[in-house]
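Chemist: Okay, sequence plus prediction incoming.
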Amino acid sequence: QVQLVESGGGLVQSGGSLSLSCVASGINFSGYRMCWYRQAPGKQRELVAGISSGGSAEYADSVKGRFAISRSNAKNTLYLQMNSLKPEATAVYYCYVEDRLWRDYWGQGTQVTVSS
């Protein structure tokens, strides 16, 4: 059974930083592309960043240069370092993985709130 557990969200002032973590279990973590998504109130869930099994990262244009996704295969953990945060980054952030049978798995989400 795949489980994804996020942590690290909270309240931060505009311009501040937060670091999110996602611990995965029930999956061969090192073999999968992992992603961070976010969903703001009244908006659709959107891709923030993804990282391949080999460590290649991709980002939404809105976060390029300010967010960094990384992974520790030894710890089965996905990270998202968020710097220079803006109020529009306020959202619930989710960890995501799709398995070999195209099944989607989501974490429970962690709230990030950026005050202006």
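Modeler: Nice, I can see it.
Chemist: so what's the spatially most central residue of the chain bridging to?
Modeler: Nearest to the mean C-alpha position of the chain, by C-alpha atoms, centre = their mean, lies residue 36 at 2.7 Å. Counting by DSSP bridges, residue 36 forms beta bridges with residue 49, residue 95.
Chemist: okay, it: pLDDT?
Modeler: On pLDDT, residue 36 comes in at 98.
Chemist: how far away is it from residue 116?
Modeler: Going from residue 36 to residue 116 by C-beta to C-beta, to the nearest Å gives 23 Å. For glycine as for every other residue, the C-beta is placed from the backbone atoms N, C-alpha and C.
Chemist: Residue 30 falls within a helix, correct?
Modeler: Yes. Counting by DSSP: H, G, I helix; E, B strand; the rest coil, residue 30 is part of a helix.
Chemist: Nearest residue to it in space, please, no chain neighbours.
Modeler: Leaving aside its chain neighbours, residue 30 sits nearest to residue 73 (3.9 Å; criterion: C-beta to C-beta, 6 or more residues apart in numbering).
Chemist: Please apply the same query to residue 84.
Modeler: residue 66 (4.6 Å).
Chemist: Quick one, grab the pLDDT at the one you found.
Modeler: 98.
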